[in-house]
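1. predicted model and sequence below, questions to follow.
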Amino acid sequence: MAKKVSAKSIDKIIDRHGAEPEMLIAMLQDVQAEYNYLPRPALLRIHERLEIPLTRLYEVATFYKAFSLKPKGDYICQVCLGTACHLRGGPRIVDAFERELKIQVGETSKDGKFTLETVNCLGACALAPLVKVNKEFHGNMRPDRVKKLIKRYSDEEK
Amino acid sequence: MKKNRARIKSAKGLAGLQDKLLSAQDPNKTVITVCGGTGCLSNGAAELADALKKAISAKRLKNKVEMKISGCHGLCERGPVVTVEPADIFYQQVGRKNRDKDVSEIVELTLKKGEVVERLLYKDPVSKQKIVHYQEIPFYAKQERIALRNNGKIAPDNIEDYLTAGGYSGLAKALGMNPEEIIEWIDRSGLRGRGGGGFPVSRKWLSCRRAAGKVHYIVCNGDEGDPGAFMDRSIMEGDPHSVLEGMIIGAYAIAGGVSPAEGYIYVRNEYPLAVKNLRVAIEQARSYGFLGKNILGSGFDFDIRINRGGGAFVCGESSALMRSLEGRVGEPRAKYIHTTEHGLHEEPTNLNNVETWVCVPQIIEKGPEWFASIGTEGSKGTKVFSLVGKVNNTGLVEVPMGITIREIVEDIGGGIRGGKKFKAVQTGGPSGGCIPERLADLPIDFDTLTEAGSMMGSGGMIVMDENDCMVDVARYFVKFLEEESCGKCVPCREGLRRMKQILTRICEGHGKDEDIGLLEELCETMRLGSLCALGQTAPNPVLSTIRYFRDEYEAHIRKKRCPAGVCKELITYSIDAKKCTGCQLCATNCPTGAVKGAKKKTHKIDPKKCIKCGICYDVCKFDAVLRK
């Protein structure tokens, strides 16, 4: 489940980057890494400390793909849709994930375990089609192997 | 590894240190290198390196053998790659099947006795011969490595390795030159920007130098966004000091004696290892005094910081990247305001891409004439391509400009996978186009590719075979760009949306005769009216496929057929009764229960239930599932 947001830890992130407005993206990246999303209290704290309008924070938070305003799942499944992966069947891998997890790209499963995303290229094209789950790469994927892969992570305790 | 790094105060001091490091090396010591590039890591290179390290110390070989983890070797298809020096042995796919056996044989045979483990050697797919040495592998034989010169050879986290390979000598030489003289050398070398545009580097540097400002910013664009291109990442991961050295030389040439300079490296969000290795490199460079105040006693100050991107393709565009560095959304602005005069924080800013920066130290060291002697009339030097798609040897290749597409695909790439027919290559990422097989004898440089309706771009080269649908490829790129368009200008935002709509309807069998003309008209508007290169070049994938593969568009529109068998709505799956053995594998795997049939009896697919996921086609061991 999502961690509770403490003002102290947000301040620590802000101070790590010298409370400079120029470092906003780096701060948001740290917040995202800490909580798996950008919690509203964190954004309010940054708004107060940096004196950046909330609208601009919202603009930045929704412009970049690295940020999410909703909590992400424990396992982030990134299906690569770079050109090489596309040609070697990437879209069919996405279909298989959507079918098995019963969610669409960009959504998180009801139990909060899986988030499905697509990514433009992971740069490991030799392994196309490729899926990355958190930090693990799974190369040469096939639609029929998706079910097993999901099961493996479902069974893992987190 | 030496941890005691004192500031070097002069060029002489650097040469002295390099000599010392060289003479401390034992030429007879065996060096075993495990590739730590992302391709190899995702095939288990980290675990392999751990196992090797343990085995080396267990067998008490630590004094005789040195182990390194290097950056990418390029032949990612065959990872994990292990090399042994000075015997010059190249092992591939090490530890993929049986890590313990591979490790113990390498240690027992190669490291202890100097013998070769035959079964780990590269087997040439054409001659079926096993090859021992690196340079004899056809994949490497035709390459000429300038930008990738250290990749796979040095440990990226060890500055001494880089120094021993002659690192920072280019910087020492440059600091003894007049800044304008450096720019003049770059001009004579003919170096053009490797990030996509191919703009002459010296002209950019000179206009930035001449622009007045409180500070000059020097930026390295490591936001490698083109799908299928990963050379910048491999360089940042595998040879980060070359990037720094190039930037420091550039900073001195642009700002030296004019104004203070500050450096930024903007790294794509998806590249955490590049960030890590660059951070380590910057720290090490600072401790030796290659960064910071009074670099090598020259009186020139410069430092570099790293910014991570937020995952937006448009931030590879220079003005968008600079907005992103300021902590804002990455929206490009009109080109008549030059970033060389008003860039980051409205100060003069010079931005070059990773591959461009790493060419600079070599040009200074070896001279502009050396660089200009490689390549073609208008495009000098080499270019790194990431060769991916339906080719046998996926990986990074660096070749002299002017080599033909066919040489890259067939000689270096080892031809098309599975014996299929070579159809086209796509170069230049989403801004590039598709070049058909009949033009494969085209010598590649910045200008020939543009003439053929594509572009060099950052150097992605995606090989396609007869099973790839060109309309689907055009739709793929348009969809990609539609998602990545920042939405600031109307032609790009709306043009891409409409193009996607039209291409989707063609792929789904609802295309109309006038659609091709409509696409061409939209393309023209976008080319003329868009604010930045993303929109201006977005028509390329569409126009080039219409130009060379019009018959495929027409087959989709008029015959409602996808000749390559890709577009889901236009194909059907069925079972070949002659080949089906009734093994039930497809029936068990079908997610919708559309395949019916008793054991050992011919199966049938119910077209009403079939969702065309293709799983039956993948799992069938008898090629009994037909896709038409």
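-> Okay, I see it.

2. residues in contact with whatever residue of chain A ends up closest to chain B?
-> When scored by Cβ to the nearest Cβ, chain A has residue A:64 as its residue closest to chain B, at 2.9 Å. Every residue, glycine included, has its C-beta placed from N, CA and C. Listed by Cβ atoms under 8 Å, 6 or more residues apart in numbering or on different chains, the contact partners of residue A:64 are A:25, B:269, B:309-312, B:329-330.

3. what's the closest non-adjacent residue to the residue of the stretch 301-450 of chain B found nearest chain A?
-> Nearest residue of the stretch 301-450 of chain B to chain A (Cβ to the nearest Cβ) works out as residue B:310 at 2.9 Å. The shortest distance from residue B:310 to any non-neighbouring residue, by Cβ to Cβ, 6 or more residues apart in numbering or on different chains, is to residue A:64 (2.9 Å).

4. one more: residue B:477?
-> Residue B:477 sits nearest to residue B:541 (Cβ to Cβ, 6+ apart), 3.9 Å away.

5. distance from the helix or strand hosting that neighbour to the middle of the chain?
-> Assessed by DSSP states H and E, residue B:541 sits inside helix B:539-558. The gap between where helix B:539-558 is centred and where its chain is centred comes out at 27 Å by Cα atoms, centre = their mean, to the nearest Å.

6. now that helix: buried residues?
-> B:539-546, B:548-549, B:552-553, B:555-557 (16 or more other Cβ atoms under 10 Å in any protein chain shown).

7. same deal with stretch A:135-152?
-> Burial within stretch A:135-152, assessed by neighbour count using 16+ other Cβ under 10 Å, is assigned to A:137-139, A:141-147, A:149-150.

8. stretch B:261-277 too?
-> For stretch B:261-277, the neighbour count (16+ other Cβ under 10 Å) marks B:261-271, B:273-277 as buried.

9. end-to-end on it?
-> End-to-end distance of stretch B:261-277 (Cα to Cα, to the nearest Å): 23 Å.

10. right, is it up against chain A?
-> Yes. Interface with chain A: stretch B:261-277 contributes B:269-271 (Cβ under 8 Å from any Cβ of the partner chain).

11. nearest spatial neighbour of residue 22, skipping sequence neighbours?
-> Using chain A here. residue B:327 (4.8 Å).

12. meant chain B actually
-> Closest to residue B:22 by Cβ to Cβ, 6+ apart is residue B:164, at 5.9 Å.

13. ditto for residue B:498
-> residue B:522 (6.0 Å).

14. mind checking the SS state of that neighbour?
-> At residue B:522, secondary structure determined by DSSP: H, G, I helix; E, B strand; the rest coil is helix.

15. hang on, the earlier thing: now, among the buried residues of stretch B:261-277, which is nearest to residue B:586?
-> Proximity of those to residue B:586 (Cβ to Cβ) peaks at residue B:270, which lies at 35.8 Å.

16. tell me how far the closest one lies from residue B:253.
-> Noted for residue B:270: a distance of 31 Å to residue B:253, by Cβ to Cβ, to the nearest Å.

17. quick one: contacts for the residue of chain A most remote from its centre?
-> When distances are taken from the C-alpha mean of chain A, residue A:51 lies farthest, 27.0 Å away, according to Cα atoms, centre = their mean. Neighbouring residues of residue A:51 by Cβ under 8 Å, 6+ apart: residue A:21.

18. likewise for the one 5 residues further on?
-> Residue A:56 makes contact with residue B:328, according to Cβ under 8 Å, 6+ apart.

19. could you point out which element follows the lowest-mean-pLDDT helix or strand in chain B?
-> Lowest by mean pLDDT, DSSP states H and E among the helices and strands of chain B is helix B:38-41, with a mean of 86. Next along the chain after helix B:38-41, taking DSSP H and E as the criterion, comes helix B:45-58.

20. parallel or antiparallel, list what pairs with the helix or strand just after that next one.
-> Helices and strands here follow DSSP H and E; after helix B:45-58, the next one along the chain is strand B:65-70. Counting by DSSP bridges, the strands paired with strand B:65-70 are strand B:30-35 (parallel).

21. any bit of the least confident helix or strand of chain B sitting next to chain A?
-> Yes. Applying Cβ under 8 Å from any Cβ, one finds helix B:38-41 touching chain A at B:38-39, B:41.

22. at the contact with chain A, which residues of the stretch 451-600 of chain B appear?
-> Counting by Cβ under 8 Å from any Cβ, the residues of the stretch 451-600 of chain B near chain A are B:460, B:462, B:464, B:468, B:473, B:476-477, B:480, B:484, B:486, B:589, B:591.

23. at 10 Å instead, please
-> Contact residues (Cβ under 10 Å from any Cβ of the partner chain) of the stretch 451-600 of chain B with chain A: B:460-465, B:467-469, B:472-473, B:476-477, B:479-480, B:483-484, B:486-487, B:566, B:568, B:585-586, B:588-592.

24. those in helices, which ones?
-> B:472-473, B:476-477, B:479-480, B:483-484, B:585-586, B:588-589 (DSSP state H).

25. for the lowest-mean-pLDDT helix or strand in chain A, packing partners?
-> Among the helical and strand segments of chain A, the one scoring lowest on mean pLDDT, DSSP H and E is strand A:136-138, with a mean of 90. Counting contacts by 3 or more Cβ pairs under 10 Å, 6 or more residues apart in numbering or on different chains; DSSP states H and E, strand A:136-138 is packed against strand A:75-80, strand A:131-133, helix A:143-155, helix B:38-41.

26. kindly reformat these as TSV containing distance to residue A:36.
-> Converted to TSV, those look like this (distance: least, Cβ to Cβ, whole Å):
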stretch	distance to residue A:36
strand A:75-80	8
strand A:131-133	14
helix A:143-155	16
helix B:38-41	23
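
27. hang on, residue B:220 packs against residue B:265?
-> Yes. The pair residue B:220 / residue B:265 is scored as a contact, 4.3 Å apart, by Cβ atoms under 10 Å.

28. any residues in contact with both of those two?
-> By Cβ atoms under 10 Å, 6 or more residues apart in numbering or on different chains, residue B:220 and residue B:265 have these common neighbours: B:236, B:243-244, B:247, B:278, B:304, B:306, B:354, B:357.

29. of these, list those near chain A.
-> residue B:306.

30. need the max-distance pair from the shared contacts of residue B:220 and residue B:265.
-> B:306 and B:357 (14.0 Å).

31. which one of the two has more residues nearby?
-> Legend: neighbour count by other Cβ atoms under 10 Å in any protein chain shown for residue B:306 and residue B:357, higher for residue B:357 (29 against 20).

32. quick check: that one touching residue B:241?
-> No. Taking Cβ under 10 Å as the definition, residue B:357 is not a contact partner of residue B:241, at 11.2 Å.

33. strands of the stretch 301-450 of chain B, start to end?
-> B:304-308, B:349-353, B:382-389, B:395-400, B:422-427, B:433-436 (DSSP state E, counting those that start in this stretch).

34. just the angle between the fourth one and strand B:382-389, please?
-> For the pair strand B:395-400 and strand B:382-389, the angle between their directions (axes from the mean of the first three to the mean of the last three Cα atoms, to 10 degrees) equals 150 degrees.

35. give me the mean pLDDT for strand B:395-400.
-> Averaged across strand B:395-400, pLDDT comes to 94.

36. partners of it, with directions?
-> strand B:382-389 (antiparallel).

37. next one: the fifth one
-> Based on DSSP bridges, the strands next to strand B:422-427 in the sheet, each with its direction, are strand B:433-436 (antiparallel), strand B:460-465 (antiparallel).

38. next one: it to chain centre, how far?
-> Averaged C-alpha coordinates place strand B:422-427 at 17 Å from its chain's average position (Cα atoms, centre = their mean).

39. since we're on the residue lying closest to residue A:123 once chain neighbours are set aside, how many residues are nearby?
-> Closest residue to residue A:123 apart from its sequence neighbours, by Cβ to Cβ, 6+ apart: residue B:230 at 3.4 Å. Other residues near residue B:230 come to 33 when the count uses other Cβ under 10 Å.
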